[in-house]
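J.: got a sequence here, can you model it:
(one chain, ligands or ions: 1)
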Amino acid sequence: MRKNVIAGNWKMNKVSQEVTQFVDEIVSKIPTSENVEAIVCAPFPYLAKLVEQTEGTALKVSAQNMHFENEGAFTGEVSPIMLKDIGVTHVVLGHSERREYFAETDETVNKKVHAAFNHGLTPIVCVGETLEQREANETKAHVEKQVKQAILGLTEAQVAETIIAYEPIWAIGTGKTASSADANEVCAHIRQVINEVTSEKTAQEVVIQYGGSVKPANVDELLAQSDIDGALVGGASLEADSFLQLVEAGAK
Ligand SMILES: O=C(CO)COP(=O)(O)O
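T.: Just a heads-up that it's a prediction; the model follows:
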């Protein structure tokens, strides 16, 4: 059975003292259930400290981006080797904010997914449509293209380990959540695409999260859907109490 992966994407929020306080408040309370995996996706300056603070606990630490090269003249970038070196386990790739503001493309996402696996990091690959695409009935075709490009060239075992986050762009930070049925329909389509590219067995193993205004009040209904296996959460992951409630919902 697939577990729920609840990942809190802090985006560009929190300073050192807030990071420490967050961890202190929740680390001993994170459920150790086999049904759930809890991850915080923090800004680069706090990753090493977070890895130390969460050592031996059920809370995992993710970066929000990385470069695909191992090293070199890429001023301002962080490599997969560096993330692995400090003990980070996951990396968010292709978030819509990176695609929109930082020229991330399906091609660079694919390179980064390969780099993640080459260095033992688990990628959380974000896909999702704009409001215009949804209204033009292009959601499934768009998401299908993003997923296919992201996993291009991976082995079936790597596809099975990839976490996919379906985040409709119009639902991010807007308070608008896709209805659980609509979200599930797209997540089921993603699973079908993976089935076509790999196999039914692999498609059944892949964790597919929903993201976009997830909060304690709507998480149960979303997680009850057949093809939603967790959530990638922005705003509601910033408060320790609210993040903990989301993880507890995932553990049920
Ligand atoms: O972008 C998101 C997580 O990556 C979603 O953000 P919100 O939960 O704030 O809508």
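J.: per-residue pLDDT, residue 152?
T.: Residue 152 is assigned 98 on the pLDDT scale.
J.: same check on residue 89?
T.: With respect to pLDDT, residue 89 scores 98.
J.: from residue 150, how far off is the closest residue to the ligand within the stretch 101-250 of the chain?
T.: For the stretch 101-250 of the chain, the residue closest to the ligand is residue 234, as judged by Cβ to the nearest ligand atom, at 2.4 Å. (C-beta placed from N, C-alpha, C; glycine too.) In this view, residue 234 and residue 150 are 20 Å apart by Cβ to Cβ, to the nearest Å.
J.: show me which residues of the protein sit near the ligand.
T.: Residues of the chain that fall close to the ligand, judged by Cβ under 6 Å from any ligand atom: 9, 95, 167, 172-173, 211-214, 232-236.
J.: quick one: which of the residues you listed is nearest residue 223?
T.: Nearest to residue 223 among those is residue 214, at 9.4 Å by Cβ to Cβ.
J.: need phi/psi at the closest residue to the ligand within the stretch 1-150 of the chain.
T.: Taking Cβ to the nearest ligand atom as the measure, the stretch 1-150 of the chain has residue 9 as its residue closest to the ligand, at 3.7 Å. The phi and psi values for residue 9, taken as degrees, to the nearest 10, are phi -100, psi 100.
J.: these two touch, right, it and residue 95?
T.: Yes - Residue 9 is within contact range of residue 95, at 7.4 Å (criterion: Cβ atoms under 8 Å).
J.: between the two, which contacts overlap?
T.: Common neighbours of residue 9 and residue 95, counting by Cβ atoms under 8 Å, 6 or more residues apart in numbering, are residue 64.
J.: thinking again about what came up before, thought the residue of the stretch 101-250 of the chain closest to the ligand was touching residue 12?
T.: No - assessed by Cβ under 8 Å, residue 234 is found out of contact with residue 12, at 10.8 Å.
J.: which one of those two is surrounded by more residues?
T.: The neighbour comparison of residue 234 against residue 12 (other Cβ atoms under 10 Å) goes to residue 234, with 21 against 7.
J.: now do the strands in this protein.
T.: For the chain, the strands defined by DSSP state E occupy 4-9, 36-41, 59-63, 90-93, 122-127, 163-166, 207-211, 230-233.
J.: just say which of these is most tucked in.
T.: With neighbours defined as mean count of other Cβ atoms under 10 Å, the strands of the chain peak in mean count at strand 230-233, which reaches a mean of 29.
J.: can you list the strands that that one pairs with?
T.: Paired neighbours of strand 230-233 in the sheet (DSSP bridges): strand 4-9 (parallel), strand 207-211 (parallel).
J.: angle of the longest one against strand 59-63?
T.: Inter-element angle recorded for strand 4-9 and strand 59-63: 50 degrees (by axes from the mean of the first three to the mean of the last three Cα atoms, to 10 degrees).
J.: so what touches strand 4-9?
T.: For strand 4-9, contacts defined as Cβ under 8 Å, 6+ apart pick out 35-41, 62, 64, 90, 92, 95, 124, 163, 165, 207, 209, 211, 223, 229-234, 237-238, 243, 246-247, 249-251.
J.: stretch 55-63 too?
T.: 7, 23, 26-28, 30-32, 37-42, 44, 47, 50-51, 54, 78, 83, 87-92, 124.
J.: one more pass at 6 Å, please.
T.: Under the contact criterion Cβ atoms under 6 Å, 6 or more residues apart in numbering, stretch 55-63 has outside partners 27, 30, 32, 38-39, 41, 50-51, 83, 88-91.
J.: again, but for stretch 153-168
T.: By Cβ under 6 Å, 6+ apart, the surrounding residues in contact with stretch 153-168 are 5, 117, 123-129, 151, 178, 186-187, 190, 198, 202, 205, 207-212, 232.
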